[in-house]
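J.: Quick one: sequence plus predicted model below, questions after.
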Amino acid sequence: EIRNLTFSYAPQLQPALRDLTLDIVPGVTGIVGRTGAGKSTLCHLLARLYPVPDGTIFMGGTDINQLALKAVRSQIAYVPQEVVLFAETIAANIAMGRPHATQEQIESVARTAAIHEDIIQMPEGYQTRIGERGIKLSGGQRQRIALARALLPECPIIIIDDGLSAVDMETEHAIVRSLAGYLEGRTCLIVSHRVAPLADAAEIVVLEQGSIVEHGTHQELIGRKGFYRNIFQYQTSKMERVR
């Protein structure tokens with residue numbers, strides 16, 4: 001739960017978030033908005049990367065400032081846009097948060113992240129070493145491996161901060177759909193610059209200059225003449241022109 005949250009990175013700067021109030025419930029919640037709208041800031045605050053005022057963010061009904069930092073972060077899996085991979089095998093990178101995971105468990109999350117087929121075509125499959133920071137992989141492959149890594153520990157909260165920006169729209173849509181079944185009973189927040197893949201989200205929140213200007217389901221937002229409808233029509237028409 002977020003209650004009247006206002007946040008600035010420094011006292012002399014304009015607030016990145018302004019009087020934000022939002023309940024994030026189990027299921028998939030999409031966050032969209034222009035660059036600089038506050039999407040990543042919201043993700044950073046939920047992951048406790050920056051301090052927040054008392055009484056503004058609650059987890060399970062408890063003010064997060066009354067919870068140990070380690071306790072909060074143990075409940076959250078975070079996928080940033082710029083992922084970090086290590087010069088290890090693909091299996092080891094996926095299992096980093098759950099080192100005793102079985103091969104079956106590793107492959108299960110890889111399928112959900114739509115990276116399994118890519119992996120099995122590599123020279124040594126899941127035992128392929130990927131080089132420092134995953135240099136041997138494409139940007140989309142790195143992001144999907146990072147997503148699989150975030151899914152494996154089965155944290156109750158998953159935050160994907162534009163962490164699928166390097167995959168094509170059809171793949172992102174397929175991943176979001178597969179997440180819906182995998183995340184039953186869990187809470188998933190997905191930030192995306194592309195709105196079409198979020199069509200199946202339980203709720204979509206539109207941020208503008210740090211404030212919520214629209215929220216609802218895809219169909220509800222399409223029925224309004226706001227930013228969401230405009231960007232959806234622009235992006236889908238652009239895809240049709242490319243085809």
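T.: Sure thing, it's come through. Numbers count the residues shown, from 1 in each chain.

J.: what about the protein, any weak spots by pLDDT?
T.: 133, 238-243 (pLDDT under 70).

J.: which ones are touching the residue nearest the centre of the chain?
T.: With distances taken as CA atoms, centre = their mean, the residue of the chain nearest its centroid is I160 (1.1 Å). Going by CB atoms under 8 Å, 6 or more residues apart in numbering, I160 touches 79, 147, 150, 188-191. Glycine gets a C-beta too; all of them are placed from N, C-alpha and C.

J.: Export the residues you listed to CSV and append columns for secondary structure.
T.: Below are the contacts of I160 laid out as CSV (DSSP: H, G, I helix; E, B strand; the rest coil):
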residue, secondary structure
V79, strand
L147, helix
A150, helix
C188, strand
L189, strand
I190, strand
V191, strand
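
J.: quick check, nearest of the residues you listed to K136?
T.: K136 has its nearest neighbour among the contacts of I160 in L147, at 18.2 Å by CB to CB.

J.: ok, the closest one touching A113?
T.: Yes - with contact defined as CB atoms under 8 Å, L147 and A113 form a contacting pair (4.2 Å).

J.: shared neighbours, the two?
T.: With CB under 8 Å, 6+ apart as the test, L147 and A113 both reach I175.

J.: For ChimeraX, what selects the buried ones among the contacts of I160?
T.: A single ChimeraX command selects the buried members of those (16 or more other CB atoms under 10 Å):
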select :79,147,150,188,189,190,191
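
J.: which one of the contacts of I160 is nearest A201?
T.: Ranked by distance to A201 (CB to CB), those are led by I190 at 7.1 Å.
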